[in-house]
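Enquirer: This is the structure alone, sequence omitted:
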């Protein structure tokens, strides 16, 4: 939910922003009506020009050279837009009214735009083509407005996606839009060839494109194509008024390119603007306006770059070494700052001295992170895990704390304690982690916990001590949830990233596991002819995780991930160590996990999830692979909505989840319904596995142990984007079970509800 933090922060600081109703003109929409007769594709003179563009489709010039480097200057501004005089006199601005002297007048002269945040950065980019390597060094950074919170700075930066105009699909907010120069563009747009125009000394064809349908995910704007080599010299991209994207009223991009020859292009300038609000998309809604300008310069190629460049330490935005003097910025910035941009620095300095402002920022940080700061370096939380309920503990209260000196802490310790009012047992967890190198993220950690857990809710488990088990700490559940385990665990780990977004991790764990409710749920097993109720387990787990393309904020031991289309691949091997600390079993387990979001042109986004695993030994139920059920009424990713906990157990298994989000494409054809801005999705989940007789016989549980030797499956559809205005977070899924209806307490149908924090 990082992407809504800036919007939310503006609400905390200026709660009246979204209540006053003034016309917003930051992103206007041109009249899409045309009095000219629409031409067939091959009759349209723009078609012949675009055909030449397709024939000469250019590639990014950076990939054509052995190595490259270039400079990048970036500035980002976030404003509260469309403020009137009545708004500035509201009581909430007592002691803060001085900020309005820094506001700019809009075109109509009646409204104001108040700057909230401003950031300047200079980067040096390096790359090699074979083998492919990339490095982006931060050289200088200057920030106003919450500069101490690096998450805000990086969230602002990651609102924007780098796009390639020559791609058939453009990615905005992880939603696919057809490019205006895509080969199938005539299926989405009407094109009109206008008068020629000279752009930066290049004679260009000027083509206007407008959407054929304005009520889904459409764009409009201009493309300027060189007459000499049919390269895109400039392009403007603007969203339609009825864009169905959460929190976003509209966006605008202006791209400029340098074309050194007939086969390549290089970015020259990119201006991006996003208008966002929570409660309204109409012209009268107040909004947040985020603007980003990026300038690319000083390209050089084939300089025989040294590999040491790609191995040196990554700098953080908050590092002292990247904080430069005013004289430096006067010399290095690529365009002078406007008066309003200069004033932001002064305004925020004054704001930081006002107690009311400091309190508002503290509220925001608590709601965004889940932790409340009580001392200089101690936070209390996670507040979202405070209350839970299950059949064993009854109501459960949880209180925790963590160290927090700065966002880029190289070490962190965390602790929690929990109490169940039914079992009257105290639980706890404690973990400490230390990172020794920011570049390869070499980290060591250790922890211990004693808690009640739902072990049958995840296959490829997270070995972390502080991980919250939703299945055992949720509030509302369907049926009984007494299949819980009492776990006493101590573990240590080490992890390193030898390559970017490629993690090697080794966990060593000692644990004892027994039923938390032996009268109703048994974990009993046989060993050497004797019956035991508690298992002692020592194990090593080695995992390899790849996240190519993932983006993160922070460079400390904790970091925040931003929404991308990056896949996740995990390969994990676990080895039980019989005899080590009296461990009962020697076993081997291999598991694979894969998750991939895929943009399917303008047809929406497909989410694929595959897991597979195998136990090479017979082991008790407490250590077995349990197909993850979901007995709550909430949406829980990567679980089976209609499976009960421990309904299926498997020595070897394979699962497949497919979920396709149409982004409202189908519902937009239905009159009246389309005005609700609802979006549709469909899903299908299946699993297959086997369980040997030896594994069944080793257990003395009161459960019937079986595996889905023929594929279990469930399917359904959902409605998302439920809400009002721009605040559309609710999703409802309707699930049907396809088979194994004869199983005890099998649920044929179920409804799940949840919140989705995405665009």
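Expert: Yep, that arrived. Model, not experiment: these values are computed from the prediction.

Enquirer: Report the central residue of this structure.
Expert: Among the residues of the chain, residue 563 comes closest to the average C-alpha position under Cα atoms, centre = their mean, at 2.5 Å.

Enquirer: Mind pulling up the pLDDT for that one?
Expert: Looking at residue 563, its pLDDT is 78.

Enquirer: Looks like it contacts residue 175 (just checking).
Expert: No: using Cβ atoms under 8 Å as the test, residue 563 is too far from residue 175 to be in contact (10.8 Å). C-beta coordinates here come from the backbone N, C-alpha and C atoms, glycine included.

Enquirer: avg pLDDT for stretch 44-60?
Expert: 83.

Enquirer: Okay, buried residues for it please.
Expert: 44, 46-47, 49-50, 53, 58 (16 or more other Cβ atoms under 10 Å).

Enquirer: Need the phi and psi values for residue 356.
Expert: Residue 356 has phi and psi values of phi -60, psi -40 when expressed as degrees, to the nearest 10.

Enquirer: Residue 195 now?
Expert: With angles defined as degrees, to the nearest 10, residue 195 sits at phi -60, psi 150.

Enquirer: partners of residue 80 in the sheet?
Expert: Taking DSSP bridges, one finds residue 114, residue 288 as the beta-bridge partners of residue 80.

Enquirer: ok, now how distant is it from residue 266?
Expert: 36 Å (Cβ to Cβ, to the nearest Å).

Enquirer: Compare these two and say which is more crowded by neighbours.
Expert: residue 80 (22 against 16; other Cβ atoms under 10 Å).

Enquirer: Assess the claim that the more buried one and residue 288 are in contact.
Expert: Yes: assessed by Cβ under 8 Å, residue 80 is found in contact with residue 288 at 6.3 Å.

Enquirer: which residues of the chain fall in helices?
Expert: For the chain, the helices defined by DSSP state H occupy 5-13, 45-55, 85-88, 150-157, 308-311, 326-332, 339-351, 355-369, 470-473, 693-697.

Enquirer: Report pLDDT for residue 203.
Expert: Looking at residue 203, its pLDDT reads 92.

Enquirer: typed the wrong thing, it's residue 353
Expert: In this model, residue 353 carries a pLDDT of 74.

Enquirer: Give the burial count for it, as a bare number.
Expert: For residue 353, the count of nearby residues is 8 (other Cβ under 10 Å).

Enquirer: Tell me the pLDDT of the residue in the chain sticking out farthest from the centre.
Expert: What lies farthest from the middle of the chain is residue 529; by Cα atoms, centre = their mean that is 50.7 Å. Each residue has a pLDDT score; the one for residue 529 is 87.

Enquirer: The one 10 residues further on now?
Expert: Listed pLDDT for residue 539 reads 96.

Enquirer: Show me what it is bridged to.
Expert: residue 509, residue 576.

Enquirer: oh, and call the first residue 2 from now on, that's how I've got it
Expert: Noted, 2 is the first residue going forward, which turns the last one into residue 540.

Enquirer: who touches it in this structure?
Expert: Residue 540 makes contact with 509-510, 575-578, 584, according to Cβ atoms under 8 Å, 6 or more residues apart in numbering.

Enquirer: Check the residues you listed and tell me the two furthest apart.
Expert: Greatest spatial distance among the contacts of residue 540 (Cβ to Cβ): 575 and 584, at 12.7 Å.

Enquirer: Now stretch 252-272: buried residues?
Expert: In stretch 252-272, counting by 16+ other Cβ under 10 Å, buried: 252-260, 265-271.

Enquirer: contacting residues around it?
Expert: So stretch 252-272 is contacted by 28, 57, 59-63, 65, 164, 166-167, 173, 200-201, 203, 227, 230, 232-240, 244, 273-276, 292-297, 300 (Cβ under 8 Å, 6+ apart).

Enquirer: Who are the contact partners of residue 553?
Expert: Here residue 553 is in contact with 560-563 (Cβ under 8 Å, 6+ apart).

Enquirer: For the nearest residue to residue 392 once chain neighbours are set aside, list the residues it contacts.
Expert: Leaving aside its sequence neighbours, residue 392 sits nearest to residue 483 (Cβ to Cβ, 6 or more residues apart in numbering; 4.3 Å). By Cβ under 8 Å, 6+ apart, the contact list for residue 483 reads 391-393, 518, 521-522.

Enquirer: quick one, phi psi at residue 483?
Expert: According to degrees, to the nearest 10, residue 483 has phi -110, psi 0.

Enquirer: State the distance from it to residue 438.
Expert: Using Cβ to Cβ, which is the criterion applied here, residue 483 is 46 Å from residue 438.

Enquirer: next one: residue 417
Expert: From residue 417 to residue 438 the distance is 28 Å (Cβ to Cβ).

Enquirer: quick one, which of these two is more surrounded?
Expert: residue 417 (22 against 12).

Enquirer: any idea how far the more buried one is from residue 410?
Expert: In terms of Cβ to Cβ, residue 417 sits 18 Å off from residue 410.

Enquirer: Can you pull the poorly scored residue ranges out of the stretch 202-351 of the chain?
Expert: 216-217, 263-264, 279-287, 313, 315, 318-319 (pLDDT under 70).

Enquirer: Filter the contacts of stretch 252-272 down to the buried ones and express that as a PyMOL selection.
Expert: To isolate the buried ones among the contacts of stretch 252-272 in PyMOL, judged by 16+ other Cβ under 10 Å, type:
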select buried, resi 28+59+62+63+164+166+167+173+203+227+230+232+233+234+235+236+237+238+239+240+244+273+274+275+276+292+293+294+295+296+297+300
